[in-house]
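here is the input, now give the coordinates:
(chains A and B)
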Amino acid sequence: MSFDLVVQQALNGISFGALLFILAAGLSLIFGMMDVVNLAHGAFYMLGAYVALQVVQLTGQFWLAIVVAPLVLAALGLVIEPLLLRRLRGRHLDQVLLTIGVGFVIVDLIGLTWGREVRTLPFPPGFDRSIEIGGSSYPTYRLFVIAFAVVLAGLLYWLHRRSAVGALIRAGVDDAEMLSALGVDTDRLFAITFAVGAGLAGLAGVVAAPAFGVQPGMDVDALIFSLIVVVVGGLGTLNGAAAGAALVGPAETFGKVLVPQFALALIFAIMAVILLARPSGLFGRIRVGR
Amino acid sequence: METSDRPERRPKITRREFLVAGSAVALAAACAPAAAPSPSPTTAAATKAAATAAATTAVSSPGPTLKLGMLLPFTKVYAELGASQKRAAELYLKQAGGKLANRPVTFIFEDEANDPQVGLQKTQKFIEQDQTDLMMGIIATPIAYAIRNAVDSAKFIYIGTNAGGNAMTRDTTDCKPTCKSKYVFRTSFSAWQVSQPLGEWVSKKGDKEFFLCFSNYAFGTESAAAFVEGLAKNGGKETGRVAPPLNNADFVPFVTQIKGQATKNVYSFFSGTDAIGYIRAWNQLGLPAAGYKMYGAGFLTEQDVLKEVKDQANGAITSLFWSVELDNPENKAFRDLYQKEYNLLPDVFAVQMWDGMKALDEALKKTGGNTKDKDALIAALEGVSFKSPRGDFAFDKGTHNVVHDIYIREVKTTGGQTVNTIVDKFGKVTDPGK
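Numbers count the residues shown, from 1 in each chain, chains lettered A, B, ... in the order given. Below is the predicted model of the structure:
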C-alpha cells in the first residue's frame, strides 16, 4: 500500500470510528446511569435512519432530518422509560430482556411502515463530492462525519462535566440512592437519560444513512458494533466510548482491506486482548461492590 | 425509591453478568428467526381460485389437488426476493385458472429464513408431513446445497428458482460441495452462465486486463472465476482482486483500494444492498471521472439497485438472461399482467419463478397431470421448451440446468429513466457442467 492509500484508508477508519462514537455514546450513557444494557439501541439507530428518510422524502431537507430524527427518538425514549423500564427497576436482566423485545417490535413496525426494501438517503447538498487532500481526493461527507463527531464529543463532555444536569447524571451513576435521598427526582433523571441515549442512537442513524444506506438488518450490525466499542472502551463512560470507537473504527477498516478473511476475528482478538489486560475496558470505571 | 416488599438492595450488574447476558442475547438474536413460527400456509387465495376453477369445470373431472411446497425466504435479508417469487407463482396460477394441467393447485409456503438447517427441516416437512407432490424455490445457494441429498434420496422432484451455485447441476468429485441430481431442475441460472459470457465479450472487444471486486462468498467467488475463465478465452487476465464480506456496511475502503490500482476496468459482483453501497462509494470517490469503468454480473444493476442509485450507475456494463426492457411479446405480456396485478414492475426473480411454474405446467400437460410416476415427469420436464419472457427456455437434458440467451446490457439514463439497454447477446448459453 502506498503512503497515499494508507492516509486515505486511515481517514476511512477514523470516519467509521467517528460514527461508532456517536452510536456508542448513547449506549454507554444509558448503561452508566441505569445499569441497563439497552439492546434496543440498534433498533433506535435504525428508526432514526427511517425517520430521516421520511423527513427527506417530505421536505428534501437533510439538515431538518438531522434535528427531527433525534427528537423523535428522544420522545420515544421518554415514553418507553416510564411506561416499561421503570416497572422493572432493579431487575437488570429482566430490563435487558425487555429492551430486546422493544427492539424486535420497533424493527417489525419499521418493516410494516416503510417496507423491507433497501433504501438510500442522498448526501446533503455540498457533501456529495470529494475534495483534494494531500494529492488525492477524499469524500467531503466523511470529513463532515469526523468533524460532527468531534463537536458532539466536545458538547457531550461539556454537558457531562460542566452543566447541572451533567452533575446530576454523574452523581446518579455513582450512587442513585443517595441522590434520591438528597431530594433529587431520580425518576425524571432516568427518563431524561434514556431519552438522550435514544436520541443519540437516532442521531447516529441519520448520520450513517447517506453513507451506509437504510435497510433491514442495519439494527443488528449497529448493535454488535456498539457493544464491541463499549466493551473495549469501558462501559458507562464517555471517554470509554471515544477510545473504543477510535480503536475499533480504524481496526475494522484496515482489517477488512488487508486481511479480509480475518477482519472480524481481528476485532474480537483486540477485544479479547484488552479484556485480558484491562478487564473493565480501557476507561472502565471500577465498580465498588455494595 | 426502594419499596419494602423488595428488601434486597439494588444490585449493580457486574461485568461478567453483562458479558454472559450479552452473549446469550447475541445467540438468541441469531437463532430467533429460525425458531420463530413459520408463516401459516397462505393458501387462501390459491384454494379460492382453485375452488372457482373446479366449480366451473367440474364436467372435465379435475384430478386430485396438486400440492406444491414453496420454500422461500420471508424474513431476513432476502425477504423481498421471496415476496417477489411468491407473487409470480400466485400470478401464474391465477392466469392459469387455478390449475396446472387438470389439477387444482394448493401452495404451501414455508420460510427458509436464509438458513440451511431451517431449509432442510422445511424440505423434510414437505416430503414427510405435507406429502407435497414436489418442491420449488430457494434463494440462497447454501440452502440448495443443504437439501440436495434429502430430495435425491427421497426421489422427490425439486425445481430451483434462484440459487445459482455451479455445483448444484454439475458432476463434482465425491459430490463435494454438492452435485447434480436426477430429481433437481433449475430455472434460474448458474454462476458460470451469467459471468463467463461477459468475460468472453469484453476480452474479444480488446479489454484484456481486469481488476476484480466481489462479495466474499461462494457465489461471488464462482462468478469472479467464471468471468476470468471467459477473459482467458481471448488472452485476457486478472490483475488483482479485493473481496469485501457479504452484507458489507462500508464500501469506501474497498473502492479506495480500486482507486489505487493502475487497471481501470473492474469486474464487480454485488447484489441488493451491497450493490447500492458499492455504486454510491464508486461515485463518491470520483471513479468515473478518473476513467474507471464498471463491469459485472447483471444483479449489480437490476431494478432494486437502479431505483436507488439512478444515473450513478450509467455506463456500467453487465450480463444477465433478462432485462425488464427486453423486447419480445412474452415479456411484454408478462410485464403488463404483473404490473396490472401488483402495480409494480416484475424483477428477474419473478421471471425465474414464472418460468418454473410454466415448465411444470407444460410437463404436467404431457403426463396428464400424473406426478406419481417420477421418471415420466422427469422425462416430461427434460423435454419442456417454450417462449419465456427471457426468450427461448429449455433444460439441458444432461444437467437439468436452464439453457437460455445471455444479454450484455449497458446502464443508460434516458428521459429520467435509468434502464439496462441491451447491447449484445450470446445465444443459448449452456453451463459446461456434465
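
count of neighbours near B:Gln193?
For B:Gln193, the count of nearby residues is 27 (other Cβ atoms under 10 Å in any protein chain shown). In short, each C-beta sits where N, CA and C put it, glycine included.

that one is in contact with B:Phe426, isn't it?
No: applying Cβ atoms under 8 Å as the test, B:Gln193 and B:Phe426 come out as separate, 9.4 Å apart.

any shared contact partners between those two?
Counting by Cβ atoms under 8 Å, 6 or more residues apart in numbering or on different chains, the contacts common to B:Gln193 and B:Phe426 are B:Ile406.

helix or strand for residue 201, which one?
You didn't pick a chain, so chain A it is. helix A:186-212 (DSSP states H and E).

chain B was what I was after
helix B:191-204.

tell me how far that helix lies from the chain's centre.
19 Å (Cα atoms, centre = their mean, to the nearest Å).

avg pLDDT for whichever helix or strand comes after that helix?
Following helix B:191-204 in sequence order, the next helix or strand is strand B:209-214 (DSSP H and E). Average pLDDT, strand B:209-214: 97.

got the contact list for the helix or strand just after strand B:209-214?
Where DSSP H and E defines the elements, the next helix or strand beyond strand B:209-214 is helix B:218-233. The contact list for helix B:218-233 (Cβ under 8 Å, 6+ apart) reads B:141-142, B:164-166, B:177, B:191-192, B:194-203, B:208, B:210, B:212, B:214, B:237-238, B:241, B:243, B:246, B:267, B:269-270, B:297.

just the buried positions in helix B:218-233, please.
By 16 or more other Cβ atoms under 10 Å in any protein chain shown, the buried positions in helix B:218-233 come out as B:218-228, B:230-231.

before we move on, what about stretch A:50-66?
Neighbour counts over stretch A:50-66 (16+ other Cβ under 10 Å) mark A:50-56, A:62, A:65-66 as buried.

start and end of it, how far apart?
Its start and end residues considered, stretch A:50-66 measures 12 Å (Cα to Cα, to the nearest Å).

next one: stretch B:182-198
Taking Cα to Cα, stretch B:182-198 runs 30 Å from one end to the other.

what is the mean pLDDT for it?
Here stretch B:182-198 scores 97 as its mean pLDDT.

could you do stretch A:278-287 as well?
78.

tell me the buried residues in it?
Under the neighbour-count criterion of 16+ other Cβ under 10 Å, stretch A:278-287 has A:280-285 buried.

out of these, who's nearest chain B?
A:Ser280 (6.1 Å; Cβ to the nearest Cβ).

am I right that that closest one is in a strand?
No: using DSSP: H, G, I helix; E, B strand; the rest coil, the assignment for A:Ser280 is coil, not a strand.

for A:Leu58, see how far away it is.
Distance of A:Ser280 to A:Leu58, given as Cβ to Cβ, to the nearest Å: 45 Å.

before we move on, what about B:Lys259?
36 Å.

ok, now A:Pro139?
Distance check for A:Pro139 against A:Leu58: by Cβ to Cβ, it reads 26 Å.

got it, and B:Asp130?
Separation of B:Asp130 from A:Leu58 (Cβ to Cβ) stands at 46 Å.

do A:Gly103 as well
26 Å.

same thing with A:Ala272?
46 Å.

the stretch 51-200 of chain A: helices as residue ranges?
For the stretch 51-200 of chain A, helices defined by DSSP state H, counting those that start in this stretch occupy the ranges A:62-83, A:92-114, A:140-162, A:164-181, A:186-212.

that older thread, from the buried residues of stretch A:278-287, which two are the most distant?
Spatial extent of those (Cβ to Cβ) is set by the pair A:Leu282 and A:Arg285 at 11.4 Å.

need the residues touching each of the two.
Counting by Cβ under 8 Å, 6+ apart, the shared contacts of A:Leu282 and A:Arg285 are A:Gly234.

does B:Lys86 touch B:Leu71 like I think?
No: look at B:Lys86 against B:Leu71 with Cβ under 8 Å: they stay out of range, at 11.1 Å.

which one's more surrounded, the two?
Neighbours per residue (other Cβ under 10 Å) separate B:Lys86 from B:Leu71, with B:Leu71 holding more: 28 against 19.

neighbours of the residue nearest to B:Phe189 when sequence neighbours are not counted, how many?
Nearest in space to B:Phe189, with sequence neighbours left out and distances taken as Cβ to Cβ, 6 or more residues apart in numbering or on different chains, is B:Gly164 at 4.9 Å. The number of residues packed near B:Gly164 is 28, by other Cβ under 10 Å.

and the pLDDT at B:Gly164?
94.

that one in helix, strand or coil?
coil.

contacts only, for it.
B:141, B:186, B:188-191, B:193-194, B:219 are the contacts of B:Gly164 under Cβ under 8 Å, 6+ apart.

what sits against residue 119?
Picked chain A for this. Contacts of A:Arg119 (Cβ under 8 Å, 6+ apart): A:53, A:213-215, B:308.

wrong one, I was asking about chain B
B:Gly119 neighbours (Cβ under 8 Å, 6+ apart): B:71, B:112-113, B:138, B:143, B:146-147.

repeat that with 10 Å
Going by Cβ atoms under 10 Å, 6 or more residues apart in numbering or on different chains, B:Gly119 touches B:71, B:73, B:110-113, B:137-140, B:142-147, B:150, B:163.

mind listing which of the residues you listed are in strands?
Within the contacts of B:Gly119, residues falling in strands by DSSP state E are B:71, B:110-111, B:137.

farthest pair within the residues you listed?
Spanning the widest gap among these are B:Asp111 and B:Gly137, at 10.5 Å by Cβ to Cβ.

between these two, who's got more neighbours?
B:Gly137 (31 against 23).

right, and that one touches B:Gly160 too?
Yes: taking contacts as Cβ atoms under 10 Å, B:Gly137 lies within contact range of B:Gly160: 7.7 Å.

poorly predicted segments of the chain, please.
In the absence of a named chain, chain A is used. Within chain A, the segments meeting pLDDT under 70 span A:134-135, A:285-290.

wait, chain B
B:1-61.
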